[in-house]
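# Any chance you could fold what I've pasted below:
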Amino acid sequence: MMIMMGRSVVVVAALAFGGFLVAAVTGCPPSDKAALMALKSSLTEPYLRIFDSWTNSDCCSGWDGVHCDPANRRVSDISLRGDSEDPIFEKAGRTGLMSGSIHPSICNLDRLTTFVLADWKSISGEIPSCLTSLSYLRILDLVGNSLSGKIPPSIGNLRRLAVLNLADNQISGEIPASLTSLSELKHLDLSGNRLTGRIPNDLGSLKMLSRALMDRNQLSGPIPSSIGRLDRLADLDLSLNRLSGQIPETVGKMRVLSVLNLGGNQLTGEIPATVLSNGGLGIVNLSRNALEGKIPDVLGPKSYMMVLDLSYNNLVGDVPRSLSAAQYVGHVDLSHNHLCGHIPAGTPPFARLEAPSFSGNDCLCGGPLPSC
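Predicted coordinates:
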């Protein structure tokens, strides 16, 4: 049956089972619109005037950064970036600047799958704890703001979450233990905050994780050995923290790991031979720790080392000759250790390495340094 009401058409279909009625919705529900308007009221963006488009009656049509599920017209995606290639930024000739806070009304959008409010610099306040009730959420990206407070303790309730990016804020406290319940998580970026405490021991339970970035915090304690169970992890950055203890040998056995950055911590013990014999690792930065012992002489023809930085440690012994056996070695920094002996000469990469790569050692000589 079709009922004509002015310019609007409402199609009503009666189902044969039990007499239920289903209406074809042509606009977003009033509750979704109210939630968006409350979010808008808590934010100020004076230059690009993005929120000027949030005025017509249907928030599923023409509202910048808002998208709806075509099947039910519920708001499914809020994506507002303050630094992107969108024409609005090119026209303005500047990046975005937004202040204010995240209104808890966002939690009323219970079909939300993506919430991106990134790179606005001055959005402050805490992450609403009720965000963890959004069971459909897959992407939470709040990078590049001034958010403070703690990561919601119940973050692990977001069982569909694949991306969690809270980098470059002012978030403090510990990493919640529940985070390791995010079984679908692929991208974790908590870098550039004020996080303290230990990395959760069972981080290795996040089997889907491909990037784990927690650099530039105040994390302490050991590197969990469970990290070695992350078979899909390609990028691990724990640099510039206060981590102590030894580097787990299991880290060097990770099958797809290509970037390992543990620089600027308080790590001790020897460098596991598995780290330098892993042919997949292309960037290794262990600089500015308290590592000791000899550099494992285990590189081989499968080694493709774009960056090897072992500077500012307490390493002893010779420069490993197996560097010349590697398929490729780019930047090497072995400076400011206690290495001694003759630097191999004539063969790559030694023929092109310069003195700063070896300076500040006890008694290295030859090659780019004074002759023995």
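
# which residues does Lys150 bridge with?
Ser172 (DSSP bridges).

# quick one, what contacts it?
Residues in contact with Lys150 (CB atoms under 8 Å, 6 or more residues apart in numbering) are Glu126, Ile171, Ser172, Gly173, Glu174, Pro176. To be clear about C-beta, it is placed using only N, CA and C from the backbone, and glycine gets the same treatment.

# quick one, domains of this protein?
Annotated domains of the chain cover 28-196, 202-372 [automatic domain parsing].

# want to try JSON lines for the ones you listed, with mean pLDDT as columns?
Listed next are those as JSON lines, based on pLDDT from 0 to 100:
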{"stretch": "domain 28-196", "mean pLDDT": "93"}
{"stretch": "domain 202-372", "mean pLDDT": "95"}
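
# ok, which stretches of the stretch 51-200 of the chain are helices?
With DSSP state H, counting those that start in this stretch as the criterion, the stretch 51-200 of the chain has helices at 87-92.

# shouldn't Pro222 be in contact with Gly245?
Yes - with contact defined as CB atoms under 8 Å, Pro222 counts as touching Gly245 (3.6 Å).

# can you pick the most crowded of the contacts of Lys150?
Ile171 (24 neighbours; other CB atoms under 10 Å).

# give me every residue that touches the nearest residue to that residue once chain neighbours are set aside.
Computed as CB to CB, 6 or more residues apart in numbering, the closest residue to Ile171 that is not its neighbour in sequence is Asn193, at 4.3 Å. The contact partners of Asn193, by CB under 8 Å, 6+ apart, come to Leu166, Ala167, Asp168, Asn169, Gln170, Ile171, Ser172, Arg216, Asn217.

# List phi and psi for the second one.
Translated: Ala167. phi -60, psi 150 (degrees, to the nearest 10).

# Can you give me the neighbour number for it?
A total of 22 residues lie near Ala167 under the criterion other CB under 10 Å.

# Give me the distance between it and Val275.
Distance from Ala167 to Val275, counting by CB to CB, to the nearest Å: 25 Å.

# Pull up the per-residue confidence for the residue lying closest to Gly221 once chain neighbours are set aside.
Excluding its sequence neighbours, the residue lying closest to Gly221 (CB to CB, 6+ apart) is Arg198, at 3.7 Å. If you check Arg198, the pLDDT there is 98.

# Contact partners for Arg198?
Arg198 touches Glu174, Ile175, Leu219, Ser220, Gly221, Pro222, counting by CB under 8 Å, 6+ apart.

# mind listing what the nearest residue to the third one once chain neighbours are set aside touches?
So that's Leu219. Residue nearest to Leu219 in three dimensions, not counting chain neighbours: Asn241, with 4.2 Å by CB to CB, 6+ apart. Going by CB under 8 Å, 6+ apart, Asn241 touches Met214, Asp215, Arg216, Asn217, Gln218, Leu219, Ser220, Gly264, Asn265.

# can you put those residues in a markdown table and add secondary structure?
A markdown table is the format used below for these (DSSP: H, G, I helix; E, B strand; the rest coil):
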| residue | secondary structure |
| --- | --- |
| Met214 | coil |
| Asp215 | coil |
| Arg216 | coil |
| Asn217 | coil |
| Gln218 | coil |
| Leu219 | coil |
| Ser220 | strand |
| Gly264 | coil |
| Asn265 | coil |
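
# Just the buried ones out of those residues, please.
The neighbour-count criterion (16 or more other CB atoms under 10 Å) marks Met214, Asp215, Arg216, Asn217, Leu219, Ser220, Gly264, Asn265 among those as buried.

# didn't the second one look like it was pressed against Asp189?
No - the pair Asp215 and Asp189 does not pass the contact test of CB under 8 Å, sitting 9.4 Å apart.

# circling back to that earlier point, can I get the contacts of Arg198 in TSV with distance to Phe350?
Below are the contacts of Arg198 laid out as TSV (distance: CB to CB, whole Å):
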residue	distance to Phe350
Glu174	45
Ile175	42
Leu219	37
Ser220	38
Gly221	38
Pro222	35
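
# count of neighbours near Leu36?
24.

# Leaving out chain neighbours, which residue sits closest to it?
That would be Cys59: by CB to CB, 6+ apart, it lies 5.5 Å from Leu36.

# hang on, isn't the one you found packed against Lys33?
Yes - contact criterion CB under 8 Å: Cys59 and Lys33 qualify, at 4.7 Å.

# Which one's more surrounded, these two?
Cys59 (24 against 19).

# Look up how far Val66 lies from the more buried one.
For Cys59, the distance to Val66 - CB to CB - is 6 Å.

# same check, this time on Leu267
Distance of Leu267 to Val66, computed by CB to CB: 46 Å.

# do the same with Asn261
Asn261 is 37 Å from Val66, by CB to CB.

# for Met214, same thing?
To Val66, Met214 is 31 Å away according to CB to CB.

# Tell me who's in contact with the nearest residue to Ile106 once chain neighbours are set aside.
Excluding the flanking residues, the one nearest Ile106 by CB to CB, 6+ apart is Leu39, at 5.6 Å. Contact partners of Leu39, counting by CB under 8 Å, 6+ apart, are Ile78, Ile102, His103, Ser105, Ile106.

# wait, is Leu39 part of a helix?
Yes - assessed with three-state DSSP, Leu39 lies in a helix.
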